[in-house]
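>>> have a look; sequence and predicted model below, questions after that.
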Amino acid sequence: MTLSIEQLRSAYRVMKTIREFEERLHLEIASGEIPGFTHLYSGQEAVAAGICAPLTHDDYIASTHRGHGHCIAKGCDVAGMMKEIYGRSGGLCKGKGGSMHIADVTKGMLGANAIVGGGPPLAVGAAIACRNRGNKNVSVAFGGDGSCNQGTVFEAMNLAVVLKVPAIFVFENNGYSEHTGVSYSVGSGDIAARSRGFGMPAEKVDGSDFFAVYEAMQRALAHCRSGAGPYTIEPLTTRFYGHFEGDPQNYRAAGEVATQRETMDCLKRFRTRVERDQLLPLADLDAIDTAVLAEIDAAVAAARAAPLPPDSELTTDVYIRY
Amino acid sequence: MTLSIEQLRSAYRVMKTIREFEERLHLEIASGEIPGFTHLYSGQEAVAAGICAPLTHDDYIASTHRGHGHCIAKGCDVAGMMKEIYGRSGGLCKGKGGSMHIADVTKGMLGANAIVGGGPPLAVGAAIACRNRGNKNVSVAFGGDGSCNQGTVFEAMNLAVVLKVPAIFVFENNGYSEHTGVSYSVGSGDIAARSRGFGMPAEKVDGSDFFAVYEAMQRALAHCRSGAGPYTIEPLTTRFYGHFEGDPQNYRAAGEVATQRETMDCLKRFRTRVERDQLLPLADLDAIDTAVLAEIDAAVAAARAAPLPPDSELTTDVYIRY
Amino acid sequence: MPVITMRDAINQALHQEMERDPRVIVLGEDVSGGAGGSSGQREAAGGIFGLTKGLHPKYGDARVIDTPISESAIIGAAGGAALAGLRPVAEIMFADFVGVCMDQIYNQIAKFRYMFGGRTTCPVVIRAAMGAGMNMGAQHSQTIYNFMTAVPGLKVVIPTNPYDAKGLLIQAIRDDDPVMYFEHKALYPRKGEVPVEAYTIPFGEASMLREGEDVTVVAIGRMAVFAEKALDAVAKDGISCDLIDPRTTSPLDEETILESVENTGRLVIVDESPPRCSVAHDIAAIVASKGFKSLRAPIQIVTAPHTPVPFAPSLERAYVPGPAKIEAAIRAVLK
Amino acid sequence: MPVITMRDAINQALHQEMERDPRVIVLGEDVSGGAGGSSGQREAAGGIFGLTKGLHPKYGDARVIDTPISESAIIGAAGGAALAGLRPVAEIMFADFVGVCMDQIYNQIAKFRYMFGGRTTCPVVIRAAMGAGMNMGAQHSQTIYNFMTAVPGLKVVIPTNPYDAKGLLIQAIRDDDPVMYFEHKALYPRKGEVPVEAYTIPFGEASMLREGEDVTVVAIGRMAVFAEKALDAVAKDGISCDLIDPRTTSPLDEETILESVENTGRLVIVDESPPRCSVAHDIAAIVASKGFKSLRAPIQIVTAPHTPVPFAPSLERAYVPGPAKIEAAIRAVLK
Ligand SMILES: Cc1ncc(C[n+]2csc(CCOP(=O)(O)OP(=O)(O)O)c2C)c(N)n1
Ligand SMILES: Cc1ncc(C[n+]2csc(CCOP(=O)(O)OP(=O)(O)O)c2C)c(N)n1
Ligand SMILES: [Mg+2]
Ligand SMILES: [Mg+2]
């Protein structure tokens, strides 16, 4: 592996930013300040970070209902995201989208998506554009273990194989779709094998290990850029919170999350690895921790200070005439 | 194999009836007498016959746009079908359905379907009913090589595995979906393997050989009846005519159909096998040939003689009030 | 009579019908919940909004079926099970999701009876939570009952209170035609008197929530609740209105609407959907063609704007027609 | 000016736009055809109705994309490609098939611009063959433009002649919003004069096919053709009508309709769809609210019945509104 110091710092910063963004939202939601309902990405940070690390703004991602991590990893403005989640003016979507619809196409971020399975067909479309530009860029479809039972996702996979487009399907297997375990909802029990059935290489990877995800992504990129078509990565991961905020999670064994917070915390594991292999001075990580907390504080303060969108915004950004 | 003489006669009669039904339609359509557009099953008869031979009226099938063969094999009234295709009173659906919507639920025939991929979810639903009655009966989803790229079909397969219902997916691989070859439209090139990816056993079978299809169906039935869930059969077959009547078929190599009519004609192959293994006196087959021709003649005559449905039928069989 | 929420009224109807008729099954995502979970606890959910609570413990996996996220398979399976003799009640978690299973609804189950020449019926009920008002964004807040009202062969039910919710759901389950049953999320906690025993409310019979002289107000779904507030407001100025809740938009009780307009000569229609090809426009057209002679003023139509549902609380408030807009329309129609 | 069919006019528009703008791609089932076939011949189809003929030989696999039977992936891919800077023209072979890809149409591409705060557009054109009249049965004969007209964010085009077909399609491709472009199967062979060069027709401008005094007739799609016959018939009795073809139902040219009704005081609307939540009812509602003062008679609405499209020729003939029914409505509105 050949991650530069800058890349390592940046990877950690992305993961830490996601973590603190979500931890802070967890608190703010409990305080009742945030409208709607929100799905937190805590626990899965290494996936977004590892997949997006090698991408530029000319690469695309299509995201899910649990999209904050993908947005941050793909370079969306954190304050703009926070304002969006608060439903305020100055939000990335002017407050019209909300948590489940954050997008920034200028960054190659094609949108979170509140329809499970909505994103992968879109990602394949962007991959057609990449193919026609010579397979230098790629398009990533994020999805969960539950999402991959939606017919649209299978269609997208087959179409990507047929058209040999540089699409990377990332099925984040966090064990649950809402209140249902993956061993129930995926009949075969094996998401990656299903992708192989569609005719593309697929691998499972430790989704709490940034380095493992990053390496898998390197293999995926090499495959896609060679013009050989799509690739699947199935990161095995977990979510530290409920499906949405307020979920009592009685489908999970007592202590499951506590254990996973010990063993599957990508930040801890990154720090351990960095320390063991002396990749960076730990002080660098500490400095990032401090900077990130300040950034999140500032984002929340900016969101709170931002006004709600004026009623006049209701009928803009859409063709309207009647 | 343990097919009784009665079963053998019946199998041949089913195949011959389908063949003559379709050959006759081919002529009648050319003469302009039949409204709409029609997809002929000629060439695939052994599939419908082999799959449906062991089924009773308490077993279910969901069919496709190319449904005449399935209907006949499942015991639909041939004269009623013919009237339906002519759009006449007395048709199985009173003339309201047409070729692509022939159904007879009393026979366990849940309908031809003009939406590619429409049938398999329905078949899984009927399989739930079968499961709840103890897995004695089964439910068959027919589909083509093209249909199995429709998301609904994948969803149906996964759901059947999850619920462990006695559903049998029969993907009749006749090499083409409309003007496109299966090697293009199925990215992996392997339909049966895709089913395996979903977690069910799947086998390819010679779809021009009644005996081979029948035996595969026995294995599928044993699997389903044991409560182990769904099964896939992929019969390799061909269609002797175009996608619909009028298709110039310039996507097929010159002579392809002529060769296949020699090598892949299930009637010829059945007759050869019967002769070789002395399963039946050939005179029995000849007698069936004669009887079938008479039956088709009678069906066409009845259809021609039947009146068009009266306008008063337009607004019956549907809730209507405004 | 016990006073219960609309949520409980719907749950009660499901319990009573499953008890009465062993052919009734329930299927959908997390209608029980907990399958495959590490705690081993089933019925971790009982429906994401709690509507199917208590069913799985009583009727088990055979009749209360958790599914993967595969709406086409859910609706198709419901349709196939219905053809095979069961009476499925399928849940689409949010009505907005009909987009991923529309074919099974509109081309399959809605058409079987007619396409098959009346020789079969397809008694499926599809329950779906709908509506704006809780900042769920553009893909979780729509009403979309106009799509369904447009489809021949489907019946469309929109209850606005616990009593109607129970009686209409039991009717839906016993009905031989497929029924779309829309539950407004904001009305789940709404309370009202509900008889303990099972009862049905026939489809196509509007409910006259208020009687008056001056204006006919037709309000769909949650709009009926807001219309009551508007009626209270104008009552202070001596304006009295008929307030009609159609309860089912297909079949639609045209007679009640037309009769009322005959008396009042003035019509206000209130609908949470965007205007184009809405149920509001549909009813307006029916009156403009069949009740034209009664009309003494332009029909006032109050709908959401022709936009997706915005997320921001300020914008969503401006989006959903509220009592003030309804009141303004009532005053306008009297001008 | 050359006289060509509507089929050729559409084909010409596709050729000219692909030539002009390298970002334009075409995708769908058998838009070329022949991929994977044993003869090796590509463009075995050029679209099942021949609308995309000649494109694949010129622009190849990169820009003329045959797809498996996966409509959700087709529309989704078109949407994603549009976000990534292309201008896709997707083909849904029969409009009826929107059921299997409705989500991508109504929740995704239609909503992006608004949901994303106007920071992106999604310039997708979806072409689809629609309509009854050739005995294709209930799942291959629907119009369904009312579903699409109902969706904020989508534009809806329904050409009725070759000239409009070409100009509206070019406008659709150049438009930054997603456009549903409906082609009536029965109109493909319809002939008319079409300029050789590229031109656009703005959306939201109805075309006044005839001008008259007594009645305003608004006719959608193929109904405009039948309405001309009806107008010929009543002309013999000295009845003269405005005949308005809206050309686009979203945006809808309300002004032209309202102005005409102001002159005539009488309105007949003709629509091939079933009545409930139809475009016919939609237009009637608009006039009943905004043009009520002009109306001197009940609006006459001519639609198909509230049934699926029947297969039998006799029944389908009775289903589709024809010149006789339109004529009767014109006479009735004058009573
Ligand atoms: C079409 C559709 N069906 C159902 C839902 C409701 N829903 C939202 S998230 C979710 C579970 C998704 O599970 P998974 O894909 O594993 O993602 P995770 O939540 O674990 O990140 C469901 C059922 C939806 N949004 N869209
Ligand atoms: C949803 C949908 N998309 C497209 C079509 C048009 N269509 C009808 S049959 C067909 C090809 C089907 O191919 P296959 O499944 O192999 O069946 P075969 O015709 O070979 O029997 C297509 C594309 C359709 N009827 N429904
Ligand atoms: Mg998950
Ligand atoms: Mg085929």
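Cool, the structure landed. Ligands and ions are numbered 1, 2, ... in the order given.
>>> close to chain C: what parts of the stretch 151-300 of chain A are there?
Neighbours of chain C within the stretch 151-300 of chain A, by Cβ under 8 Å from any Cβ of the partner chain: A:151-152, A:175-187, A:250-254, A:256. Any C-beta I mention is one placed from the backbone N, CA and C, and that applies to glycine too.
>>> mind checking how far the strand or helix carrying C:A227 is from the chain centre?
Here C:A227 sits within helix C:223-235, counting by DSSP states H and E. Offset of helix C:223-235 from its chain centre (Cα atoms, centre = their mean, to the nearest Å): 20 Å.
>>> next: stretch C:158-173.
On Cα atoms, centre = their mean, the centre of stretch C:158-173 falls 9 Å from that of its chain.
>>> picking up where we left off before, in strands only, show me the residues of the stretch 151-300 of chain A next to chain C.
A:176-177, A:180-181 (DSSP state E).
>>> from those residues, which is closest to chain D?
Within these, the smallest distance to chain D is 17.6 Å, found for A:S177 (Cβ to the nearest Cβ).
>>> so who does that closest one touch?
Residues in contact with A:S177 (Cβ atoms under 8 Å, 6 or more residues apart in numbering or on different chains) are A:116, A:144-147, A:149, A:185, C:29, C:68-69.
>>> do the same with C:D271
Going by Cβ under 8 Å, 6+ apart, the list of residues near C:D271 reads C:143, C:219-220, C:223, C:278-280, C:301-304, C:321.
>>> what about stretch C:137-156, how long is it end to end?
Start-to-end span of stretch C:137-156 (Cα to Cα, to the nearest Å) is 24 Å.
>>> including distance to A:P307 and pLDDT, could the ones in strands among the residues of the stretch 151-300 of chain A next to chain C go into TSV?
What follows is these, written out as TSV (distance: Cβ to Cβ, whole Å; pLDDT from 0 to 100):
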residue	distance to A:P307	pLDDT
A:Y176	37	98
A:S177	37	98
A:T180	40	98
A:G181	43	98
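>>> out of the contacts of A:S177, which sit inside helices?
Mapping the contacts of A:S177 onto helices (DSSP state H) picks out A:S185.
>>> show me the residue of the stretch 151-300 of chain A that gets nearest to ligand 2, please.
Ranked by Cβ to the nearest ligand atom, the top residue of the stretch 151-300 of chain A for proximity to ligand 2 is A:E155, at 11.0 Å.
>>> check the secondary structure at that residue for me.
Per DSSP: H, G, I helix; E, B strand; the rest coil, the secondary structure class of A:E155 is helix.
>>> double-check it against D:A73; I have them as touching.
Yes - the pair A:E155 and D:A73 passes the contact test of Cβ atoms under 8 Å, sitting 3.7 Å apart.
>>> what touches both of these two?
A:121, B:151.
>>> list the contacts of the residue nearest the centre of chain C.
Note on chain C: the residue nearest the mean C-alpha position is C:I158, at 2.3 Å, using Cα atoms, centre = their mean. Residues in contact with C:I158 (Cβ under 8 Å, 6+ apart) are C:145, C:182, C:184, C:220-221, C:246-249.
>>> of those - the most surrounded one?
Counting neighbours by other Cβ atoms under 10 Å in any protein chain shown, C:I220 leads the contacts of C:I158 with 30 neighbours.
>>> for B:S89, see how far away the residue of the stretch 151-300 of chain A closest to ligand 2 is.
Distance, A:E155 to B:S89, by Cβ to Cβ, to the nearest Å: 41 Å.
>>> which neighbouring elements make contact with the biggest helix by length in chain A?
Longest helix in chain A by number of residues (criterion: DSSP H): helix A:5-30. In this structure, helix A:5-30 packs against helix A:45-52, helix A:68-73, helix A:78-86, helix A:210-225, helix A:266-276, helix A:282-305, with contacts taken as 3 or more Cβ pairs under 8 Å, 6 or more residues apart in numbering or on different chains; DSSP states H and E.
>>> hmm, it touching ligand 1?
No - judged by Cβ under 6 Å from any ligand atom, helix A:5-30 makes no contact with ligand 1; its nearest approach is 12.5 Å.
>>> where in chain A is pLDDT low?
A:1, A:321-322 (pLDDT under 70).
>>> once you drop chain neighbours, what's closest to the spatially most central residue of it?
A centroid search over chain A (Cα atoms, centre = their mean) returns A:H70, at 2.9 Å, as the residue closest to the centre. Nearest non-adjacent residue to A:H70, counting by Cβ to Cβ, 6 or more residues apart in numbering or on different chains: A:S63, 4.1 Å away.
>>> for that neighbour, give me its contacts.
Contact analysis of A:S63 by Cβ under 8 Å, 6+ apart lists A:70-71, A:102, A:109-113, A:119, A:142.
>>> and for C:V26?
Shown in contact with C:V26 (Cβ under 8 Å, 6+ apart): C:14, C:18, C:52, C:55, C:59, C:63-65, C:88-91.
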